[in-house]
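> sequence and computational prediction follow.
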Amino acid sequence: MLTSHVGMRRLVSALLATAWMMLVSPPGAPLDAQSRADQRGGPPAGQLTWALHVTVTPAWLDPADHTAGITAMIPFYAIHDALVKPMPGNQMSPSLAESWSVSRDGLVYEFVLRRNVRFQNGDPMTAEDVKFSFERYRGLAAKLLREKVAAVEIVDPDRVRFRLKEPWPDFLTFYATPATGAAWIVPKKYVEKVGDEGYKKAPIGAGPYRLTAFNPGVEMVLEAYEGYWRRTPAVKRLVFRVVPDESTRLAMLKRGEVDIAYALRGPLAEEVRRTPGLKLAPTITAGVFWVDFTAEQWDPKSPWHDLRVRQAASLALDRRAISQATTLGFAKVAASIIPSTFDFAWPAPPIPFDPDRAKKLLAEAGHSGGFDAGDYHCDASFTDLAEVVINNLKAVGIRARLRPLERAAFLTQWREKKLQHLMQGADGVFGNAATRIERNLVSRGAYAFGGYPEIDDLFAQQAREPDRKKREALLHQIQKIAYDRVMFAPIWEFAALHAVGPRVGEAGLGLIELMPFSAPYEDIRLKGR
């Protein structure tokens, strides 16, 4: 089994070098529902309640619409299942596919499906559902996947084959991880019966929990699906309540109204540490945050078009103090938007905190008295970070006004390139350096406001390069260009701070490497279970 991004890299390299090498999950057919329940000490029982910092939208219930935001994994890991997905101890764990293989020329990937898997409405999961789910996918990477995949072929009900137009070393990384969501499987017959809008209202998946109630912006309720192939969940009911205010989330946890409260930072995280019966759960994530200069960077009339101004903004950030104040020092200072743990990450030199140098650069650029930078847009759940960043910028003369937006609206306006002036960018999706570059640095990227022709050319070269060392060199070159030209002002590699109440035996936080939320849900339990 593979245990890290390094393991993911070795997997792909080995598959490309060997004719039809096979990865197989542990032997044995799925247990029946009674046997699985017996393993867990009886059928599912009890309820666990979360206080969420964001609103779960209907689009997050349908894998076809996956925007590559990691927050969508909150309902995904409950309602749905994927051919391959990150699980404890394995970033590419066989799930609905019990094994897969790749041809020597790297053009054909074949998945052997796990037998006797049923969706929550009783329909069997077959290769038809896999093909349908891929062809229906319209999420963030739909265009890229269609450019790369020539055909999806059903070999038999338990086997599906993907034919690529040309070798693509990152096929598994883009398809079979949450980098896209394209490998999460939905039931073809049911979706065709209810339609896309009907499916968002009443999604049926192959995951461990089925949706029983959903009030957007208020609450989501799920109940255990005892026919789940991997393991019968221990907890009968999961309730997710939307609680935007951080102080309210903590107060509800103290009163026992919720069992897990997400995103408690700064003084509230310290309060969790001091409160008997509560546990602070720092969770390292794949999330990197940065100051994004949006389309201003590419506008010759904007101050941000000047490299010296972008350098000044980056030097103005006291990254260590920001981490200490908001995440108690758990977040790692960043010099790149690529997580340092990702495969193909270039070790970017640290960026110093140097406000004096920042002021000199602004003066050299003709802004000795500073300037009005306009709005600073951010995800409302990270307003505290934005406030500190704005104060850092103001200290060197760059004045900005905070404009928080609810997460779904923020991401939509970002993708549609409607945000102007400054923006607090963030990306917490699994993958490697190439997946992060494709979204944010390549000029056509879904979250990119612009780009450089040389980066686009280098990215196209690396996507076709079978030699690992040569490919790594190309990806490193891209990251160095972004660093030297200060395309972004990185802030931190994020550590999520959550709080867990006294009733919880296993919260599922940190079980999956780099996952910021509770997962897998079938492993979560109450004390005494």
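In hand now; what should we look at?
> run the chain-centre distance for stretch 450-463.
Distance, stretch centre to chain centre, for stretch 450-463: 23 Å (Cα atoms, centre = their mean, to the nearest Å).
> show me which positions of it end up buried.
Going by neighbour count (16 or more other Cβ atoms under 10 Å), the buried part of stretch 450-463 is 450-452, 455-456, 458-459, 462-463. C-betas here are computed from N, CA, C, even on glycine.
> what does stretch 491-503 give?
Neighbour counts over stretch 491-503 (16+ other Cβ under 10 Å) mark 491-501, 503 as buried.
> what helix or strand is residue 161 on?
According to DSSP states H and E, residue 161 maps onto strand 159-164.
> adjacent strands (with direction) for that strand?
Partners of strand 159-164 in the sheet, by DSSP bridges, are strand 108-113 (antiparallel), strand 149-156 (antiparallel).
> nearest approach to residue 185 belongs to which of those?
Among the strands paired with strand 159-164, strand 108-113 comes nearest to residue 185, with 9.2 Å by Cβ to Cβ.
> quick revisit: turn the buried residues of stretch 491-503 into a markdown table, including distance to residue 383, secondary structure and pLDDT.
Written out in a markdown table, the entries for those read as follows (distance: Cβ to Cβ, whole Å; DSSP: H, G, I helix; E, B strand; the rest coil; pLDDT from 0 to 100):
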| residue | distance to residue 383 | secondary structure | pLDDT |
| --- | --- | --- | --- |
| 491 | 14 | strand | 98 |
| 492 | 16 | strand | 97 |
| 493 | 20 | strand | 97 |
| 494 | 15 | strand | 95 |
| 495 | 18 | strand | 96 |
| 496 | 16 | strand | 95 |
| 497 | 15 | strand | 97 |
| 498 | 18 | strand | 98 |
| 499 | 19 | strand | 98 |
| 500 | 24 | strand | 98 |
| 501 | 25 | coil | 98 |
| 503 | 30 | coil | 98 |
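> between these, which is nearest residue 477?
For these, the residue nearest residue 477 by Cβ to Cβ is residue 493; the value is 21.8 Å.
> next, the closest residue to that closest one other than its chain neighbours: phi, psi?
In space, residue 493 comes closest to residue 332 once its chain neighbours are excluded; the distance is 4.1 Å by Cβ to Cβ, 6 or more residues apart in numbering. Phi and psi for residue 332, reported as degrees, to the nearest 10, are phi -90, psi 130.
> give me the neighbour count for residue 332.
Residue 332: 17 surrounding residues under other Cβ atoms under 10 Å.
> now swap in residue 527 and tell me
Residues within reach of residue 527, counting by other Cβ under 10 Å, total 10.
> domain ranges for the protein?
According to automatic domain parsing, the chain comprises the domains 5-207+501-526, 285-495.
> and of those domains, who's closest to residue 264?
Minimum separation from residue 264 across the domains of the chain (Cβ to Cβ) falls at domain 5-207+501-526, 8.8 Å.
> quick one: distance of that closest one to the chain centre.
14 Å.
> where does pLDDT dip in the protein?
By pLDDT under 70, the weakly predicted segments of the chain are 1-41, 68, 529.
> so what's residue 481 closest to, chain neighbours aside?
residue 455 is the one closest to residue 481 (Cβ to Cβ, 6+ apart), at 5.9 Å.
> tell me who's in contact with the one you found.
Counting by Cβ atoms under 8 Å, 6 or more residues apart in numbering, residue 455 touches 437, 441-443, 478, 481-482.
> out of those residues, which comes closest to residue 233?
Among the contacts of residue 455, residue 437 lies closest to residue 233 (Cβ to Cβ), at 37.3 Å.
> and the helices in the stretch 51-200 of the chain?
Using DSSP state H, counting those that start in this stretch, the helices found in the stretch 51-200 of the chain span residues 73-79, 127-136, 142-148, 171-175, 188-201.
> right, so the ones you listed: which one is the most enclosed?
Across those, averaging neighbours per residue (mean count of other Cβ atoms under 10 Å) puts helix 73-79 on top, at a mean of 25.
> returning to what we had before: ok, so of the contacts of residue 455, who is nearest residue 394?
The shortest approach to residue 394 among those belongs to residue 482, at 25.7 Å (Cβ to Cβ).
> look up how far residue 412 lies from the closest one.
As judged by Cβ to Cβ, to the nearest Å, residue 482 and residue 412 stand 25 Å apart.
> those two - which one has more neighbours?
Neighbours were counted for residue 482 and for residue 412 using other Cβ under 10 Å; residue 482 has more, 23 against 15.
> show residues contacting the longest helix seen in the chain.
The helix that spans the most residues within the chain, counting by DSSP state H, is helix 468-484. Contact with helix 468-484 is made by 9, 13, 169, 335-338, 344-346, 348-349, 433-434, 437, 441, 452, 454-455, 458-459, 461-462, 465, 487-488, as judged by Cβ under 8 Å, 6+ apart.
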